[in-house]
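# could you look at this predicted model? Sequence included:
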Amino acid sequence: MSRLSIITPNKAQATVEELYKDVERRIIASPTGLCPVDMAASFLKMCHAQSCGKCVPCRIGLGALERLLDDVLDGNATLDTIDLIEKTAQSIYYSADCAIGYEAARMVLKGIEGFRDDFVEHITYGRCKHQITQPVPCVSQCPADVDIPGYISLVEEGRYADAVRLIRKDNPFVSACGLVCEHPCEAGCRRSMMDASINIRGIKRYAAEHAGEVPAPKPLPKTGKKVAVIGGGPAGISAAYYLTLMGHSVTLYEAKKKLGGMLRYGIPGYRLPRDILDKEIATLISVGIEVKLETKVGDKPSIADLKEKYDAIYIAIGAQTDKKLGIEGEDAKGVISAVEMLKKIGDDEMPDYKDKDILVIGGGNVAMDVARSSIRLGAKSVKIIYRRRMEDMTAQHDEIIGAIDEGCELLELQAPVRIEKKKDGSVAALWIKPQLIGAYKSGRPAPHPSQKPEERIACDNIIVAIGQNIESQNFEKFGIPVMRGVIKALSHAGFEDIPGVFAGGDCVTGPATVIKAIAGGKVAAANIDEYLGFHHELKVDVEIPAAKLDDRYPCGRVNMTERSASERRCDFNLMEHGMSEEEVKQEAHRCLRCDHFGYGIFKGGRVEKW
Amino acid sequence: MVNLKINNVAVSVKEGTTILDAAKKAGISIPTLCFLKEINEISACRVCVVEIKGKEKLVTACNNVVTDGMEIYTNSPKVRNTRKINVELILSQHKTHCATCVRSCNCSLQELSNNLNILDNRFEKNLPKNTWDKNYPLIRDDDKCIKCMRCVQICDKVQDLHVWDVSGTGSRTTVGVKDHSSIKEVSCSLCGQCVTHCPVGALRERDDTDRVIQALADPDIITVVQIAPAVRAAWGESFDLPREFATEKRLVAALRLMGINYIFDTNFSADLTITEEATEFLQRLPVVKQSGTPMFTSCCPAWVRFIKSQYPKYVGNLSTAKSPQQMFGAIAKTYYAKLLDVDPSRLFVISIMPCMAKKHECDIPVMNDSGEKDVDVVLTTREVDRLIRAEHIIPSQLPEEEFDAPLGTGTGAAVIFGTTGGVMEAALRTAYFYVTGKKPDVDAFYEVRGFDGIREAKFDVAGTEVSVAVASGLGNARKIIEAIDRGEAHYDFVEIMACPGGCSGGGGQPIKDGEELAEVRGERLRVNDKNSKIRFSHENPSIIDCYKNYLEKPCSHLAHELLHTDHEAWQMPDKTRKK
């Protein structure tokens, strides 16, 4: 008889562990539009199964809650039932002995608060307000509604040019998005229920790189209408491109030397090489967009001038100015904003960081971009200063890891306090105050000053990457509604009382993603067309291959690979490797074709025109 | 060509052929339930699953195409098991009160369950609550709905009216009225196409046969029946009678056996409609030409409901002539009551219609001009068939009997009212005569015949070009109006029937799942026209008498009072109005 023994899981336990992982992935791939009450009831059932059964509130109470929620869903409840649910959940929350019980109750209480309307709707009308509108998970998550299963199946067949044409119907920036899209589509991919999401962006990149020359489609006959687009970033160019295809005459105003907006002046070349960007923009402009570079709309021409001259205006000026830290010494020489630095790089004016010690303040993607650019500009050291923890950073995980691999150091939980200047007014050092991570505020843990003493970090340059602002003053003066700097356009991109003026992209959403800006441009194009009295429909003549009937078995996802850190840190050349043909074929074949299987074949699966 | 084997039978089919069609070609039947060709190919019921050699998962035959070298098994052990379980699952949420179901013996689920020899269900019954208003002409039983989604698809794809939608998610997913509205609040045309395409008894018309039984039982009531043109081409289907045998005259005999006092023909009032509508058209033609927008026919109440809810600005373009059903009612309770010398309140007018919207039409207050309710009750073809069954009449032994006079006389022009293009052709025959004083060749307007959803033609009427269009199916109606609205189409006279193929394909006609019978019924009506002695409405002797002795002349003051209506005088709910 041994005193202690090593516990090895039996088959049942091991299987349940696997099932937990299945459920985890399944929840990630949960479709949009589900009934929140039904989901809450289902979660509750799982919570209840986790109960050890010792205590009354959890063992019995959670079951009682389950039945009450079912009553709501089955139309057997009254409005008083909501009170009973709330009181029961509160009593479980207050009296359960451990988190299995009280956290389960808290989830129910959260639901009552978060979607009480839905409880009421079920009780009062016996129906659910929710509905699946776009059943293809990837498409439902793509702001621009790109026909993702469509182009994946085309890539699988080697029809790359058709894939590009299909994508362009909804998103003109095929090459750029193939490289830098944040791919929200992958987050909801149903394949996650089986193994892992499809590498959608990688497949798009392959299509773009192997399609050869794919000329832009011919515009529809001229309408005689004139549209001014202010801002040559992804939103502006997308709107200009689609409006031109619809037959309108578009003039694109850009304040900077070149087109591209944040694609050029925000995203460094190692992620989006300039030659690829230039070529893509040239193709899009080739449909017949008139471009006026280095023309800032404000004084000359003024918005009123444009209003006079054009039938409609689209404002897509982006978020191009920097946010200040607001600390002592910020005016020191050598303190630069990320926006400013990336703008210079965009115009090929490379800052000289050779053998310099660089500090980057911020934890977003832009902070990573400037940190990694600094490395490439020859910096001796690059330290990223962030107030919270690495897992709290808003930058994508890959970006953070990439920066670290390239030699950037991450100083977590450090708040900048003041900048110490040398006698000549240049930066000497940054003083930082160590932070303690603490209680949750609006959904994430907030830091506060710890008892540790302030520290001094000597440096040559500080790059501030804590966000961008929008230069909206001129537009506000013209009467465009602006709130806290952000242009308040309605969901159709227009304004309540200003006919003919539309806005979109970062200047409306605040700094966001490329694909959101593109979607903004697309929405604006459709609504400007309607405003001008037309209903042009954009479609593409590409037949989508029939879905294959092969059985589906778990298969690893092909991830993107990168040049080695030690190599890529020395230049601004593209750092990511594309997929090989065998990789892209395997990856494309993993697609579950939710446009054919499931709800997609019934409603909303394929939007052939818009 | 694609070569494959199904149940070891070699078959060669064109590329793109579905497994279902390939099997059919090989003489192999695969059961389906939700499938409706070209309209609902969503493989929701999973009944048509088959096994493909080398594949673990089963595949639905209705919406997947064959590939070269496939070896398919339609009855493998895996298929048998799965199919049976899937049908049992459907049955567990279906109110299988077959004995009291309107679709008993004509139900795809019942047939399928019987065929699969399902004698017991392993799954617990779980039925939703049924909250539908049973007084509305269209009734949906949620506890019978199998969520095949055909109703949603018909209304979306064919009728373009989008009344039905999927409602709820997860286990509680069902079909409901769009936007969680009540059926009374939305622009349902009451065309009934969802009913005729429902594979089970989840959708049906309100049954009004009891009201007829009650009237028959009342010695003070004089029952008067009118039989719509399209009914005669279809009523015998429920009894598997050959179309040539199941004539209107045998239906007359059946109704007489029931004890109906006077049996008349809606053909009579269809002829009346033509004399009124042709006259009205000629009066309106100068205005029509000037405005560039046409006069629309108004005899289809589902179409009237459609235009009122979807394109209210064109309601004024409708002919003011009432439909034949309503003209009949108005004449029966005035002119005919006088002929009988009875108080019109004693007359009980029963319409037998291929239509569900007629149930609403007769209830529109402004449709009643005789001082009484012009039409008391409307039975669909299906209901009259049920009445025949309930009376234990043996249809195959019925003799042919004549309609009563005088409202039982109709022409060949009237009988084609029951098929798409018929109203237009009948109107043109008479209008041509009115303008020229000469009878045109009876086939002069053959171009409006046919079964394409939209047809156009131009005719020369005494030097005036008359441009006409004919559409059936509300989706096609929408296309025509949109084209008119955009100024792309110019017509003088447009005939619209809400049901594809016209009334012969009406929402009140007998149901044969998977078969579209509008065309074959319509052709039957064309034969009736061809065999008619009189083929011009204005030559109907009963019509001539009616004008001579009562109405004076077409569009007279009295005719206006009784036979025309103000379509603006009643409202459609407008919750789903588009424009």
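Nice, thanks for sending it over.
# contacts only, for the residue in the stretch 401-550 of chain A positioned nearest to chain B.
The stretch 401-550 of chain A approaches chain B most closely through residue A:549 (5.1 Å), counting by Cβ to the nearest Cβ. Any C-beta I mention is one placed from the backbone N, CA and C, and that applies to glycine too. Neighbour list for residue A:549: B:52, B:55, B:59, B:64, B:67 [criterion: Cβ atoms under 8 Å, 6 or more residues apart in numbering or on different chains].
# are any of the residues you listed buried, and which?
In the contacts of residue A:549, burial by neighbour count holds for B:52, B:59, B:64, counting by 16 or more other Cβ atoms under 10 Å in any protein chain shown.
# distance to residue B:272, pLDDT and secondary structure added to these, as JSON lines?
Listed next are the buried ones among the contacts of residue A:549 as JSON lines, based on distance: Cβ to Cβ, whole Å; pLDDT from 0 to 100; DSSP: H, G, I helix; E, B strand; the rest coil:
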{"residue": "B:52", "distance to residue B:272": "61", "pLDDT": "97", "secondary structure": "strand"}
{"residue": "B:59", "distance to residue B:272": "57", "pLDDT": "96", "secondary structure": "strand"}
{"residue": "B:64", "distance to residue B:272": "54", "pLDDT": "94", "secondary structure": "coil"}
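# adding distance to residue A:311, write those residues out as JSON lines.
Rendered in JSON lines, the data for the buried ones among the contacts of residue A:549 read as follows (distance: Cβ to Cβ, whole Å):
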{"residue": "B:52", "distance to residue A:311": "57"}
{"residue": "B:59", "distance to residue A:311": "53"}
{"residue": "B:64", "distance to residue A:311": "49"}
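# which of the contacts of residue A:549 are close to chain A?
By Cβ under 8 Å from any Cβ of the partner chain, the members of the contacts of residue A:549 lying near chain A are B:52, B:55, B:59, B:64, B:67.
# tell me the one among those nearest to residue B:216.
residue B:64 (53.6 Å; Cβ to Cβ).
# where does that closest one fall, phi/psi-wise?
Its backbone dihedrals place residue B:64 at phi -120, psi 140, with angles given as degrees, to the nearest 10.
# could you do residue A:448 as well?
Geometry field for residue A:448 lists phi and psi as phi -140, psi 160, criterion degrees, to the nearest 10.
# could you pull up the contacting residues of it?
Under the criterion of Cβ under 8 Å, 6+ apart, the neighbours of residue A:448 are A:435, A:436, A:438.
# residue A:219 reaches residue A:288, doesn't it?
Yes - in this structure, residue A:219 sits in contact with residue A:288. The criterion is Cβ atoms under 8 Å, and the distance is 6.2 Å.
# and stretch B:130-142, what's buried?
The neighbour-count check on stretch B:130-142 (16+ other Cβ under 10 Å) flags B:136, B:137, B:138, B:139, B:140, B:141, B:142 as buried.
# what of stretch A:73-82?
For stretch A:73-82, burial by neighbour count (16+ other Cβ under 10 Å) applies to A:73, A:75, A:77, A:81, A:82.
# would it be right to say that the first one lies in a strand?
No - following the definition DSSP: H, G, I helix; E, B strand; the rest coil, residue A:73 is helix and is not counted among the residues of a strand.
# tell me which parts of chain B are close to chain A?
When proximity is defined by Cβ under 8 Å from any Cβ, chain B lies next to chain A at B:16, B:41-44, B:52, B:55-57, B:59, B:63-65, B:67, B:129, B:131, B:149, B:165-172, B:176, B:180.
# mind giving me the ChimeraX select for these, buried ones only?
With 16+ other Cβ under 10 Å as the criterion, this ChimeraX line picks the buried residues out of the residues of chain B next to chain A:
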select /B:41,42,43,44,52,59,63,64,65,149,165,166,167,168,169,172,176,180
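# mind checking which of the residues of chain B next to chain A land in strands?
Secondary structure from DSSP state E places B:52, B:59, B:165, B:166, B:167, B:176 of the residues of chain B next to chain A in strands.
# Serialize these to TSV and add fields for distance to residue B:468.
Formatted as TSV, the entries for these read as follows, by distance: Cβ to Cβ, whole Å:
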residue	distance to residue B:468
B:52	52
B:59	48
B:165	35
B:166	39
B:167	41
B:176	39
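# related to what we said a few turns ago, which one of residue A:219 and residue A:288 has more residues nearby?
Each of residue A:219 and residue A:288 had its neighbours counted (other Cβ atoms under 10 Å in any protein chain shown), and the higher figure belongs to residue A:219 (19 against 16).
# just give me the neighbour total for the closest residue to the more buried one other than its chain neighbours.
Distance criterion Cβ to Cβ, 6 or more residues apart in numbering or on different chains; nearest residue to residue A:219, sequence neighbours excluded, is residue A:245 at 4.9 Å. Other residues near residue A:245 come to 23 when the count uses other Cβ under 10 Å.
# contacts only, for residue A:245.
Residue A:245 sits in contact with A:216, A:217, A:219, A:220, A:287, A:538, where contact means Cβ under 8 Å, 6+ apart.
# what's the span of stretch B:33-52 from first residue to last?
Start and end residues of stretch B:33-52 are separated by 20 Å (Cα to Cα, to the nearest Å).
# equivalent analysis for stretch A:560-579, please.
Using Cα to Cα, the span of stretch A:560-579 from its first residue to its last is 7 Å.
# residues contacting that stretch, please?
With Cβ under 8 Å, 6+ apart as the test, stretch A:560-579 has contacts from A:179, A:199, A:201-203, A:205-206, A:209, A:268-271, A:273, A:276, A:372-373, A:375-376, A:402, A:405-407, A:558, A:587.
# for stretch A:396-407, same thing?
Taking contacts as Cβ under 8 Å, 6+ apart, the residues outside stretch A:396-407 that touch it are A:182, A:365, A:368-369, A:371-372, A:375, A:381-382, A:384, A:390, A:393, A:410, A:562, A:565, A:568-569, A:575.
# as a whole number, average confidence for it?
Per-residue confidence for stretch A:396-407 averages out to 94 on the pLDDT scale.
# tell me the buried residues in it?
A:399, A:400, A:402, A:403, A:404, A:406, A:407.
# what's the spacing between the residue lying closest to residue B:359 once chain neighbours are set aside and residue B:358?
Distance criterion Cβ to Cβ, 6+ apart; nearest residue to residue B:359, sequence neighbours excluded, is residue B:137 at 3.9 Å. Residue B:137 sits 9 Å away from residue B:358, taking Cβ to Cβ, to the nearest Å as the criterion.
# residues touching residue B:343, list them.
residue B:337.
# so, low pLDDT: which residues of the chain?
Since no chain was named, I'll use chain A. Counting by pLDDT under 70, the ranges of chain A that qualify are A:1.
# please go with chain B instead
B:574-579.
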